[in-house]
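Visitor: Next comes the sequence, and after it the predicted model I'd like to discuss.
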Amino acid sequence: MQQLNLPEAHLKLTNEKGKLKIFDIIRKKYVAFTPEEHVRQQFIHYLINEKKYPKSLLSVEKSLKVYETEKRADIVVYNTAGKPIVIVECKAPSINISQKAFDQTARYNMTFKADYLIVTNGLNHYCCKPDYADNTFTFLKDIPDFNTISQNAD
């Protein structure tokens with residue numbers, strides 16, 4: 001496994017019929033181990049363990065429609081009222097985070113209208129707060145903890 005720029009997480013791996021799988025603590029099942037899935041699982045542990053996001057408020061591979069096409073958001077965080085407040089887009093570490101990744105997340109956010117957007121490849125993490133009135137984004141230095149996000153949620 002490639003070393004990521006995230007705190008170490010105790011990920012459960014298994015080998016089923018020659019295929020490496022990783023346990024998803026949100027979906028409560030083993031899924032195919034890919035570089036992107038490694039980032040997603042490590043980031044989930046980071047949100048829960050370091051940033052104190054409640055596990056019960058996270059959704060993984062949440063289905064949505066973008067221009068009549070079925071898509072899936074990597075991680076969606078909800079507030080206690082069930083409103084999406086954070087969308088996280090995960091990329092493999094070999095993928096440089098470009099404008100294309102932000103555009104993808106912004107398209108997904110047309111459905112969710114979340115308060116924060118995060119794009120990560122496990123090495124670099126970017127968090128921004130959309131301003132819907134001005135159609136602008138403010139990039140943050142750090143990923144806020146859940147308490148801060150839930151207090152600042154619109």
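Guide: Right, received. Where do you want to start?
Visitor: which regions of the chain lie under the pLDDT threshold?
Guide: Scanning the chain for pLDDT under 70 picks out the ranges 63-69, 71, 152-154.
Visitor: Just give me the residue closest to the centre of it.
Guide: V88 (2.6 Å; C-alpha atoms, centre = their mean).
Visitor: Now do the contacts for that residue.
Guide: 43, 47, 73-77, 118-120 (C-beta atoms under 8 Å, 6 or more residues apart in numbering). (C-beta placed from N, C-alpha, C; glycine too.)
Visitor: Let me see the backbone angles for the nearest residue to it once chain neighbours are set aside.
Guide: Nearest residue to V88, sequence neighbours excluded (C-beta to C-beta, 6 or more residues apart in numbering): I75, at 3.8 Å. Here is the backbone geometry of I75 (degrees, to the nearest 10): phi -140, psi 130.
Visitor: Then N96?
Guide: According to degrees, to the nearest 10, N96 has phi -70, psi 140.
Visitor: give me every residue that touches K21.
Guide: K21 touches 13-15, 30-33, counting by C-beta under 8 Å, 6+ apart.
Visitor: just N109 next, same as before
Guide: 87, 117, 130.
Visitor: The first one contacts Y78, doesn't it?
Guide: No: counting by C-beta atoms under 8 Å, I87 stays clear of Y78, with 10.7 Å between them.
Visitor: So which of the two has more stuff around it?
Guide: The neighbour comparison of I87 against Y78 (other C-beta atoms under 10 Å) goes to I87, with 25 against 19.
Visitor: if I pick the more buried one, what's in contact with it?
Guide: 73, 75-77, 105, 108-109, 112, 114, 116-118.
Visitor: Among those, which lie within helices?
Guide: 105, 108-109, 112 (DSSP state H).
Visitor: where along this protein do the strands fall?
Guide: Taking DSSP state E as the criterion, the chain carries its strands at 13-16, 19-24, 29-32, 58-66, 69-78, 84-90, 116-120, 125-131, 136-140.
Visitor: Mind listing the residues bridging to the residue nearest to V88?
Guide: V60, V88 (DSSP bridges).
Visitor: Next, count neighbours for it.
Guide: Neighbours of I75 (other C-beta under 10 Å): 22.
Visitor: so it touches L58, yeah?
Guide: Yes: under the criterion of C-beta under 8 Å, I75 makes contact with L58 at 6.2 Å.
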